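1. Below are the sequence and a predicted model for it; my questions follow.
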Amino acid sequence: MKHIAISENHLYSKTYAKGQKFVGKNVIVYVLRDLKAKKLMNAHPQREYVNRVGLTVSKKLGKAHIRNRVKRILREGLRQTEKKYETKKGNLIVLVARQACVLAKTQDIACDIERAFKALNLINV
RNA sequence: GAACUAAGUUGGAUGGUCGCGCAUUGUCACGCCGAAAGGUAGCAGUGUGAGGAAAGUCCGUGCUUCACAGGGCAGGAUAGCUGAUAACGUCAGCCAGAGGCGACUCUCGGGAAAGUGCAACAGAAAAUUACCGCCCUUGGCUUAUAGCUAAUGGUAAGGAUGAAAACGCGAGGUAAGAGCUCACGAUAUUCUAUGGUAACAUAGAGUAGGUGUAAACCCUAUCUGAAGCAACACCGUGUAUGGAAAUUUUAUUUGCCCGAUAAGGCUUUUGCCGUUUCCAUGGGUGGCACGCAUUAUUGCGGAGCCUUGUGGUGACACAAGGCAAAGAUAGAUGACCGUCGAAUACAGAACACGGCUUAUAGAUUUAGUUCACUU
RNA sequence: CUGGGUAUAGCGCAGUUGGUAGCGCGCUACCUUGGGGUGGUAGAGGCCGUGGGUUCAAAUCCCGCUACUCAGA
């Protein structure tokens, strides 16, 4: 499943301010209902709702290659959880990497994201 | 065998499952655009996909735009010599100096006699030195061929200091002294000769004693228009995006509540869509992934890469053959499991190239030095 | 991509025509007070961000690096 990235800064600040939050060991997950879900659905070839995903990896975590690695791991973790469960669509999801991410493995991240999604009622039963 | 010196190479490989960017081929019932043909998103196949430093951004160059009659000043950069190079503050060889037993390494290496400034503390004095001392002359006093004292002058031998004190040492010389003179030696500089393209080296002759600092100002010689891919070109328009406010709280019915109707709409109901007003910000494509021409094969071009050969001490040059496939745009190379295993370092392209600087685990090649032992 | 700035005591800052580092607050001890505060006296605390160089001598001059920070397109 390909994700559409959040590229506008105001969407990030909105999500931080108004979204629901779950703090895990490795990641912090913010979720907000996407206001443009319908519009994106119309643009989508299969007319499906899509989650828009943003990754926040600050400069504190390390240099460029470390940040790239963290981003890849976050994407992989997200991909695995979405494959495992049926997730709700039409949301803005922002994943913020914490310091522990640098040494973490994909399974840890996936586990974290899974717990977060369960806590935030993002998973269809 | 140990300890070193110099120059290099490499920077995991491989199998499976899942996944990503780009190029290209095919497909496209359903989605979007279109009258249609078709295109596109998507899907499938094939190919390909990050370094030696991609980093720092310290130099140079291409490229682009702006400016521009010519010359000079100011500002900036460079600084032994010769060469290499598109160019450079880079590189090579050499010279000089410094370090090391040695292989070898290091050096922002012009000018202090063009001028100005500075040299704390200490010391008489830090630069055309006279405080003490030494000495001549004159005067005064006394115990009178001498001593004490005062003044004019001479002097740089001796004098606590300091990073640095007017070349060192000996002899002559003198009232006392002094490169004042001489011998030996050191330094700087000029001329000549020899060698070298040159820096410079060696030898001879002459001259000098004017400390240090130019990574203080400065002087000399050479070079120098400015800005940068967020450059720039094209397309596009008051459209697109964001923020704030208003539009949901009134009217009718009723004493009040509930309910109903109307005044935009929706229902994921502290909201969203739409509309109005005010404010703010600009989008897309190319540049850009060898280029140009060509329907294509292919041809031409280029500071491109590799291999071989030739020339050169070397940097490098020339010739032949071959190869040229990262191109993202919130930013693609990953994750997991096996096997070999030392694979554990530093680290992620953002217009491109040549250098420099800095970071770097492990593996490995070549040449050489010193020491020890054995023969 | 380009161009600046800063780093000095626990904190905030001075000090750069080179000469051996201070100020305020804070800290410690003592005095003052019945006690505390205020006030007074004395004191401690510095590899001047880091690695080199120039110089007799470097916080200061020159070069490299690190961290933080500002501005412009």
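-> Ah, there it is.

2. Give the other helices and strands that the helix or strand harbouring residue A:110 contacts.
-> Taking DSSP states H and E as the criterion, residue A:110 maps to helix A:106-119. With contacts defined as 3 or more Cβ pairs under 8 Å, 6 or more residues apart in numbering; DSSP states H and E, helix A:106-119 has these neighbours: strand A:20-23, strand A:27-33, helix A:64-84. Bear in mind the C-beta positions are built from the backbone N, C-alpha and C, glycine included.

3. residues of that helix that come out buried?
-> For helix A:106-119, burial by neighbour count (16 or more other Cβ atoms under 10 Å) applies to A:108, A:109, A:110, A:111, A:112, A:113, A:114, A:116, A:117, A:119.

4. Quick one, grab the pLDDT at the third one.
-> Just to be clear, that refers to residue A:110. Note on residue A:110: pLDDT of 79.

5. ok, it - contacts?
-> A:76, A:77, A:80, A:81 (Cβ atoms under 8 Å, 6 or more residues apart in numbering).

6. can you tell me which of the residues you listed lies nearest to RNA strand B?
-> Closest approach to RNA strand B among the contacts of residue A:110 (Cβ to the nearest atom of the strand): residue A:76, at 4.9 Å.

7. Per-residue confidence at the residue lying closest to that closest one once chain neighbours are set aside, what does it come out as?
-> Distance criterion Cβ to Cβ, 6 or more residues apart in numbering; nearest residue to residue A:76, sequence neighbours excluded, is residue A:106 at 5.0 Å. With respect to pLDDT, residue A:106 has a value of 76.

8. Same check on residue A:21?
-> If you check residue A:21, the pLDDT there is 75.
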